[in-house]
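Engineer: dropping a prediction and its sequence here:
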Amino acid sequence: MEIKVLGTGCTKCKTLEKVVKDVVEQNSIDATVVKVENIMEIMKYGVMTTPALVIDGVVMVKGRVPSADEIKNLLIR
């Protein structure tokens, strides 16, 4: 599974990255977490408000930081 956290480096973007990494580690999820900060790369996903969470190429959340439980539910499917 490939997880991308889209964000230019704001506080919410950093928070989302940390929560995603924590959920992946705590639940032994086989995933690669990548932080994407390049605005041109972010725009390729059609995201205009960050942070955003992309799982296997699909934008799942944008413009907010979801809870750890919500992230876990998105990752364990």
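Structural biologist: All right, it came through fine.

Engineer: any chance you could map the helices in this structure?
Structural biologist: Applying DSSP state H to the chain gives helices spanning 11-26, 39-43, 68-75.

Engineer: make CSV out of those and add distance to Val59 and mean neighbour count.
Structural biologist: Every residue, glycine included, has its C-beta placed from N, CA and C. Converted to CSV, the helices of the chain look like this (distance: least, C-beta to C-beta, whole Å; neighbours: other C-beta atoms under 10 Å):
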stretch, distance to Val59, mean neighbour count
helix 11-26, 13, 17
helix 39-43, 10, 12
helix 68-75, 11, 16
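
Engineer: now those helices in CSV, with mean pLDDT?
Structural biologist: What follows is these, written out as CSV (pLDDT from 0 to 100):
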stretch, mean pLDDT
helix 11-26, 96
helix 39-43, 94
helix 68-75, 96
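
Engineer: TSV for those, including distance to Lys4?
Structural biologist: Shown next, in TSV, are the helices of the chain (distance: least, C-beta to C-beta, whole Å):
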stretch	distance to Lys4
helix 11-26	9
helix 39-43	9
helix 68-75	13
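
Engineer: if you drop the residues flanking it in sequence, what lies closest to Asp22?
Structural biologist: Ala68 (6.8 Å; C-beta to C-beta, 6 or more residues apart in numbering).
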